[in-house]
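1. sharing a sequence plus its predicted fold:
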Amino acid sequence: MIAAFLTSGLSCKLFPQTSVAPELTQTTTLEYWGVWEDRDNLAPVIADFQALHPNIQINYRKFRYSEYEQKLLEAWAEDRGPDIYSIPAAWLKEYQSRITPQPDAVRLPFQEVTKTLGKTEVQTVVKPVAIFSPSDIKNQFSDTVYSDVLLNNKIYGLPLSVDSLALFYNRALLDAAGIPTPPTTWEEVAVAANKITLLNASNNFVRSGVALGTAENITNAPDILSLLMMQNGAPMSDSRGNISFASLSDKNYSPGLEALRFYTDFADPVKEVYSWNSAQLNSLDAFAAGKVGMMFGYAYHLPVIKGRSPKLNFGVAAMPQISTSGRVTNYTNYWVETVSHKAKNVEMAWGFVNFLTSPAEAEKYLSAAKLPTALRALVATQTSDPEIGVFASQMLTAKRWYRGLDVLKMEDVFKNLIANFPRAAKPAELLQRAANEVAQSW
């Protein structure tokens, strides 16, 4: 299986079959930093790589998300830090100057054992290895990956997984409300939320139907709102790259504004769908505690929920769609592995990134990590998986929009938009101001 990396599905630009490259034959330790990958899940892949290339050691270090970016910036300021690191795909343009793009060809050192006249000799030889080309990215990954990782026709990152938003539901609460199957449309979400929600005499929630409507206490609220806008036909940015989610359609209809209105209705006490408010726990915490019937999350939330509530009877279903749209649109928020601008050895680093994300090794990692694939070739295998099949089946329809150079600012803008909308005297102007703010970091 290890040797399959050399020929399966990747392109190979040839150097001479063997060459002398002193910088590649020396023993080198590559520092690899990440947030979501667990060391135990990566260990088999790292072991496979080091078995092929004994003079390359991979030292993986995991950080908390809250500290990660600061740690990266501090390390680079002190002329240290990782050779290989993970970042959200949405950060690629912001971090472009801190990335060494993949070279057109990569060589790695191998050890060859020869026996002559009863004498065994071990020799290090340098050979070209297969790497993903731009055309490989187009053919083997989703269209979203192709549009994200190629900048000026150079590869700036490769994904291990492409995650997407899905519906998490509490089976017991749906059963108690007489809902036999999870909703498939937003209209059904509204009906189900109304059936599940229970208020006491003081108008406080005993249980909530769905975690929607607010910003600060809903995990990934900007992603959920973005998806609703995209499903409703809002052009998040136009053909010239301008922010346009506040624009009107040809019928003087604002799809972005109506998506925002639909979202915030779930936190409006006068609306029939009222099922959430800012006094609730964070949506992930509330779901794990069995206090809300439905929430929207990613595959990486699965182990979090199971860790907090091992006995919670819950399931995951495909993300609801707009029944009248006639199309399926899902939302992705995924990470890529990339190589630092200060990498000790660029060829070694990109060689490992390609090895890690190649079909055979990626499948090994994804099986252990329980994450959905980024590769088209593995979708069919994963769709039957009871835990991540839903996420894998959404990979090809999962999209995102370019949110500017300052992604965290965009998220704050969307959170403020959600918070201020219920009190806005002129909602359309509020939405346009939000678009203008996002455009400032374009």
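-> Perfect, I can see it now.

2. residue ranges in this protein under the pLDDT threshold?
-> 1-20, 117, 239-241 (pLDDT under 70).

3. just want the most central residue of it.
-> Using Cα atoms, centre = their mean, the residue of the chain that lies closest to the mean C-alpha position is residue 334, 1.5 Å off.

4. skip the chain neighbours and tell me the closest residue to that one.
-> residue 162 (4.7 Å; Cβ to Cβ, 6 or more residues apart in numbering). For every residue, glycine as well, the C-beta is placed using N, CA and C.

5. figure out how far stretch 182-192 is from the centre of its chain.
-> 25 Å (Cα atoms, centre = their mean, to the nearest Å).

6. please save the CA atoms from it in PDB.
-> Provided in PDB are the C-alpha atoms of stretch 182-192 (Å, rounded to 0.1, in the frame of the first residue of the first chain):
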ATOM      1  CA  PRO A 182     -35.700  14.300  10.300                       C
ATOM      2  CA  PRO A 183     -36.700  17.300   8.200                       C
ATOM      3  CA  THR A 184     -35.300  17.500   4.700                       C
ATOM      4  CA  THR A 185     -36.500  21.000   3.900                       C
ATOM      5  CA  TRP A 186     -36.500  24.300   5.800                       C
ATOM      6  CA  GLU A 187     -40.300  24.300   5.700                       C
ATOM      7  CA  GLU A 188     -40.200  21.000   7.600                       C
ATOM      8  CA  VAL A 189     -37.600  22.400  10.000                       C
ATOM      9  CA  ALA A 190     -40.000  25.200  10.900                       C
ATOM     10  CA  VAL A 191     -42.900  22.700  11.500                       C
ATOM     11  CA  ALA A 192     -40.700  20.300  13.500                       C
END
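
7. got the residue ranges for the helices in the stretch 201-350 of the chain?
-> Counting by DSSP state H, counting those that start in this stretch, the stretch 201-350 of the chain has helices at residues 221-231, 255-265, 283-288, 302-308, 346-357.

8. next one: the stretch 51-200 of the chain
-> 65-77, 134-140, 143-149, 171-176, 186-196.

9. export those helices as CSV, with columns for mean neighbour count.
-> Formatted as CSV, the helices of the stretch 51-200 of the chain follow (neighbours: other Cβ atoms under 10 Å):
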stretch, mean neighbour count
helix 65-77, 13
helix 134-140, 16
helix 143-149, 20
helix 171-176, 16
helix 186-196, 20
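
10. including distance to residue 268, could these go into JSON lines?
-> Shown next, in JSON lines, are the helices of the stretch 51-200 of the chain (distance: least, Cβ to Cβ, whole Å):
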{"stretch": "helix 65-77", "distance to residue 268": "31"}
{"stretch": "helix 134-140", "distance to residue 268": "44"}
{"stretch": "helix 143-149", "distance to residue 268": "33"}
{"stretch": "helix 171-176", "distance to residue 268": "22"}
{"stretch": "helix 186-196", "distance to residue 268": "12"}
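
11. so which of those is nearest residue 49?
-> helix 134-140 (19.3 Å; Cβ to Cβ).

12. packing partners of that closest one?
-> Packing partners of helix 134-140 (3 or more Cβ pairs under 8 Å, 6 or more residues apart in numbering; DSSP states H and E): helix 143-149.

13. how about 6 Å then?
-> The criterion is 3 or more Cβ pairs under 6 Å, 6 or more residues apart in numbering; DSSP states H and E, and there are no helices or strands that helix 134-140 contacts.

14. touching it from outside, list them.
-> Helix 134-140 is contacted from outside by 11, 146, 150, 153, 375, 376, using Cβ atoms under 6 Å, 6 or more residues apart in numbering.

15. contacting residues for the residue nearest to residue 334?
-> Shown in contact with residue 162 (Cβ under 6 Å, 6+ apart): 332, 334, 374, 395.
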